[in-house]
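>>> structure, please.
(one chain, ligands or ions: 1)
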Amino acid sequence: MPTPIRLLLILGLIAARLPAAESTSPRIDFEKYNPTSTLVVPETPITRAKFPFIDVHNHQRDLRSQDLGALLRQMDELNMTVMVNLSGGSGASLAAAATRIKSVAPSRLVLFANLNFSGFGTEGWTEKAAATLAADHTGGARGLKLFKGYGMNTKDQDGKRIPLDDPRMDPIWAKCGELKIPVLIHTGEPRSFWDPMDGKNERWLELILHPSRRQSADRTASFDQLIREQTNIFRRHPRTTFIAAHFDWHANDLQKLGSLLDELPNMYVETGAIIAELGRQPKAARKFFERFQDRILFGKDSWVPSEYATYFRVFETEDEYFPYHKKYHAFWAMYGMGLPDGVLKKIYYKNALRIIPDLDRSLFPE
Ligand SMILES: [Zn+2]
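Numbers count the residues shown, from 1 in each chain. All right, here's what the predicted structure looks like:
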């Protein structure tokens, strides 16, 4: 007669030899795993900003030929009063776009000029570029935009990388100060783009989907090197206003960014493409926004009107755990910062009104 204990042991041995129940659903990969949250909390979706706002980081294909009426209607739906198109170009095309804007929507669209680096290093490049910039300013440019290639892969005439703080650029930065136009500079990429491609890389999905975004110190320069070079420019030109695009790629390290802003009173930042970083640290981000409320501008970058909702919701609400719009930027959920109206107004328009010349203040509340 088996004792009850022996019986249990035998049953256990039989169970261990049976094959485990096969899962009937196939495994899915990380890209497809996107569970719908079961959390029930108050939701405050926002498709229109609480105050009229200025987007200082936008790109439009060609304001000479685009349907501006349609563009203005899309802007109106978001409560976007002014759009800054950073791809203004230079010379005749910039002037033509500026003329068209003047006749259709003089106070709604703003152009920043761009530089042409071909022939950099040849005799007279700097003087010519400074003169072109001054002419573009006369033609309607209200700022200068440097694309991310500058510092990473823009080469001089000998095929060498132009460091951001190359002294041959000094007269250009000085010219912007003289003309009282801001420089919006996009330096580098998220730090993770330089990190090893493994399961610990926060941008692994983005880099798998867009392998060309991977960076390496030997191909360009390290992330820290680029930031050091950029900081040198800001230090050397205290009378020029610089807006570091994408929160200087430090939205995930607000302490470091705070120390840069403390040191450099001519440095500003804009929020293009980094809302997911703020939305995962709403308490620290709110403190940062309160502290640096005079130094932050609203920017978005890619023109996808539906994505602005995430920005409004993170800035304006105290909602918890809501989705972000692009998984390869953030596989985590967002939380609202609940910014007070006074801070919101500065971020949405007051700071831009102060920095970008000749904007129409009458379009905005006190
Ligand atoms: Zn951009």
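>>> all helices of the protein, in order?
4-17, 68-78, 91-104, 125-139, 149-152, 170-179, 204-209, 223-236, 254-263, 275-278, 282-291, 308-316, 341-345, 351-355 (DSSP state H).
>>> rebuild the ones you listed as a markdown table, extending it with distance to Leu164, mean neighbour count and mean pLDDT.
Just so you know, the C-beta spots here come from the backbone N, C-alpha and C atoms, and that holds for glycine as well. Formatted as a markdown table, these follow (distance: least, C-beta to C-beta, whole Å; neighbours: other C-beta atoms under 10 Å; pLDDT from 0 to 100):
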| stretch | distance to Leu164 | mean neighbour count | mean pLDDT |
| --- | --- | --- | --- |
| helix 4-17 | 64 | 9 | 58 |
| helix 68-78 | 33 | 15 | 98 |
| helix 91-104 | 24 | 16 | 97 |
| helix 125-139 | 15 | 17 | 98 |
| helix 149-152 | 4 | 20 | 96 |
| helix 170-179 | 10 | 18 | 98 |
| helix 204-209 | 24 | 17 | 95 |
| helix 223-236 | 4 | 18 | 98 |
| helix 254-263 | 14 | 15 | 98 |
| helix 275-278 | 23 | 24 | 98 |
| helix 282-291 | 25 | 17 | 98 |
| helix 308-316 | 28 | 23 | 98 |
| helix 341-345 | 31 | 17 | 98 |
| helix 351-355 | 21 | 20 | 98 |
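>>> which stretch among those helices comes nearest Ala49?
helix 308-316 (5.2 Å; C-beta to C-beta).
>>> which outside residues touch the closest one?
Identification of contacts with helix 308-316 by C-beta atoms under 8 Å, 6 or more residues apart in numbering yields 44-50, 78, 80, 271, 275, 278-279, 282, 298, 300, 319, 322, 324-325, 334-339, 344, 347.
>>> any chance of the helices of the chain in JSON lines, plus distance to Pro365?
Converted to JSON lines, the helices of the chain look like this (distance: least, C-beta to C-beta, whole Å):
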{"stretch": "helix 4-17", "distance to Pro365": "72"}
{"stretch": "helix 68-78", "distance to Pro365": "16"}
{"stretch": "helix 91-104", "distance to Pro365": "24"}
{"stretch": "helix 125-139", "distance to Pro365": "29"}
{"stretch": "helix 149-152", "distance to Pro365": "37"}
{"stretch": "helix 170-179", "distance to Pro365": "29"}
{"stretch": "helix 204-209", "distance to Pro365": "38"}
{"stretch": "helix 223-236", "distance to Pro365": "32"}
{"stretch": "helix 254-263", "distance to Pro365": "26"}
{"stretch": "helix 275-278", "distance to Pro365": "24"}
{"stretch": "helix 282-291", "distance to Pro365": "19"}
{"stretch": "helix 308-316", "distance to Pro365": "15"}
{"stretch": "helix 341-345", "distance to Pro365": "7"}
{"stretch": "helix 351-355", "distance to Pro365": "11"}
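>>> tell me the contacts of Gly139?
Gly139 neighbours (C-beta under 8 Å, 6+ apart): Gly91, Leu94, Ala95, Ala98.
>>> closest one of those residues to Asp195?
Leu94 (37.9 Å).
>>> now do that closest one against Leu144, distance only.
Going from Leu94 to Leu144 by C-beta to C-beta, to the nearest Å gives 11 Å.
>>> overlap in contacts of the two?
In contact with both Leu94 and Leu144: Ala113, using C-beta under 8 Å, 6+ apart.
>>> what's the local residue count around Asp195?
17 (other C-beta atoms under 10 Å).
>>> same check, this time on the one 3 residues further on
Applying the criterion other C-beta under 10 Å, we find 7 residues in the vicinity of Asp198.
>>> do the same with the one 3 residues further on
By the measure other C-beta under 10 Å, the count of residues near Asn201 is 17.
>>> do you know how far it is from Phe331?
Counting by C-beta to C-beta, the gap from Asn201 to Phe331 is 12 Å.
>>> how about the contacts made by Ile208?
Contact partners of Ile208, counting by C-beta under 8 Å, 6+ apart, are Met197.
>>> switch to numbering from 24
Taking 24 as the first residue, the last one we looked at is Ile231.
>>> coming back round to it: minimum distance to Glu54: which of the helices of the chain has it?
helix 227-232 (6.5 Å).
>>> tell me how far that closest one lies from the chain's centre.
With C-alpha atoms, centre = their mean, to the nearest Å as the basis, helix 227-232 stands 18 Å off its chain's centre.
>>> do stretch 179-199 as well
Worked out by C-alpha atoms, centre = their mean, stretch 179-199 lies 23 Å from the chain centre.
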